[in-house]
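Trainee: return a 3D structure for these sequence lines:
(one chain, ligands or ions: 1)
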Amino acid sequence: MADDFMPLLGWDSIEFWVGNAKQAAYFYEHALGFTRTAYAGPETGVRDRASYVLEQNDIRFVLTSPLREESEITRHLGRHGDGVRDIALTVPDATEAYRQAVQRGARGVSEPAVSEDDFGTIETAAIATYGDTIHTFVDREDYAGPFKPGYVSVSSNGSGGGVGLTNIDHVVGNVELGRMNFWVEFYERVFGMTNIIHFGDDQIQTEYSALMSKVMSDGSGKIKFPINEPAEGKRKSQIEEYIEFYGGPGAQHIALATTDIVAAVTEMKERGFQFLDTPDSYYDEAPGRVGEIAEDYEILQEHKILVDRDEDGYLLQIFTKTAQDRPTVFFEVIERHGATTFGEGNFKALFEAIEREQALRGNL
Ligand code: FE2
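Mentor: Residues are numbered from 1 along each chain as shown. Predicted structure coming up:
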């Protein structure tokens, strides 16, 4: 598009700031099948942090821990616990992306900078989004190294192997009551995204609580950012629970795509990953709601995989329990069959499943 002022080539990486990256890396390798590909830390000349790069097909996670008390990462951890710091996006020109974003009202976090090593040059710049979360723009076209200058390649340590996760599908943000539309407008104005679907609090609610959600998408549909906000209810919304324990808005879940969700979930369960439960009553009405699909409904029920459809096709989804002790970040596994957006039935099922967990935690 000639008027696409913010072309996005894809997801570059998701960086988590965590308390113990060495141990977290082991978890993502073993429970999610990631392969360790690069490392930066004191041994590579980085003095204040240690970072592990983990990959599975087109998914790249970076896990970073601080080494000292005087560090923005240490302050971030005190406030938020383990969580997503950076949702990094690959762009054709990081300087231009930054210039466009800041001109459209985004707050700059890191000015455009080029770093270089024997593998070439990489250009990055970063802007702020909700809470303390940032988007780094990365232009790695002229870079052939393992990740970025400062990182060294590490050979596989025998773990990983993959569970069939192929790429990032979407990253969801939780924001405060009354702030959803602010961030919807932010992604419209700064990124040129459009709102592709909207769920109201009349749709996503239980007897006790509710939420509202709008899904923002770039023109290609590759990058999707759903934004949730709590809605007024009799009791505390799960989005408020997240915000209370995260110490503000932040990334709620990361959806990872697969072409065989049954195999991926089976493998993840064997590796010890825990998923949210779905009541059998969900499967009583699922065939009537969704219609004919290639999969066997009984197998989906056995694995507690959710099924829904939009105008273009159907989708299969399952959600993990939270990945750390604070009731904050979790993961989704998604298999799309034509569907490009989301369905109300699964959104409601997820909401109800989290509310059951919330009640177990004594936070409802
Ligand atoms: Fe999702």
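Trainee: all strands for the stretch 251-364 of the chain, in order.
Mentor: When secondary structure is read from DSSP state E, counting those that start in this stretch, the stretch 251-364 of the chain shows strands at 306-309, 314-319, 330-337.
Trainee: brain fart, the stretch 101-250 of the chain
Mentor: For the stretch 101-250 of the chain, applying DSSP E, counting those that start in this stretch gives strands covering 108-117, 120-128, 134-139, 152-153, 165-174, 194-199, 210-217, 224-231, 250-258.
Trainee: with distance to the ion as added columns, please give the ones you listed in a markdown table.
Mentor: Placement of C-beta: from N, CA and C, glycine included. Conversion of these to a markdown table gives the following (distance: least, C-beta to the ion, whole Å):
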| stretch | distance to the ion |
| --- | --- |
| strand 108-117 | 26 |
| strand 120-128 | 23 |
| strand 134-139 | 18 |
| strand 152-153 | 32 |
| strand 165-174 | 5 |
| strand 194-199 | 12 |
| strand 210-217 | 9 |
| strand 224-231 | 6 |
| strand 250-258 | 4 |
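Trainee: OK, contacts around Asp118?
Mentor: With C-beta atoms under 8 Å, 6 or more residues apart in numbering as the criterion, the residues that contact Asp118 are Gly145.
Trainee: look up how far the ion lies from it.
Mentor: Plainly put, Asp118 is 40 Å away from the ion if you go by C-beta to the ion, to the nearest Å.
Trainee: likewise for Ala94?
Mentor: The separation that Ala94 has from the ion, given C-beta to the ion, amounts to 27 Å.
Trainee: between the strands of the stretch 101-250 of the chain, which one is closest to Phe34.
Mentor: When the strands of the stretch 101-250 of the chain are ranked by distance to Phe34, counting by C-beta to C-beta, first place goes to strand 165-174 at 8.5 Å.
Trainee: Throw the strands of the stretch 101-250 of the chain into a markdown table and include mean neighbour count, distance to Gly291 and mean pLDDT, thanks.
Mentor: Converted to a markdown table, these look like this (neighbours: other C-beta atoms under 10 Å; distance: least, C-beta to C-beta, whole Å; pLDDT from 0 to 100):
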| stretch | mean neighbour count | distance to Gly291 | mean pLDDT |
| --- | --- | --- | --- |
| strand 108-117 | 14 | 46 | 98 |
| strand 120-128 | 20 | 42 | 98 |
| strand 134-139 | 24 | 38 | 98 |
| strand 152-153 | 14 | 48 | 95 |
| strand 165-174 | 22 | 22 | 98 |
| strand 194-199 | 16 | 19 | 94 |
| strand 210-217 | 22 | 23 | 93 |
| strand 224-231 | 24 | 24 | 95 |
| strand 250-258 | 23 | 22 | 98 |
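Trainee: where does the residue nearest to Phe273 when sequence neighbours are not counted land in three-state SS?
Mentor: If you skip the residues right next to it in sequence, Phe273 has Ala31 as its closest partner in space, 4.7 Å away by C-beta to C-beta, 6 or more residues apart in numbering. Of the three states, Ala31 takes helix according to DSSP: H, G, I helix; E, B strand; the rest coil.
Trainee: shift numbering so it begins at 236
Mentor: Happy to do that; since the first residue is 236 now, the last one works out to Ala266.
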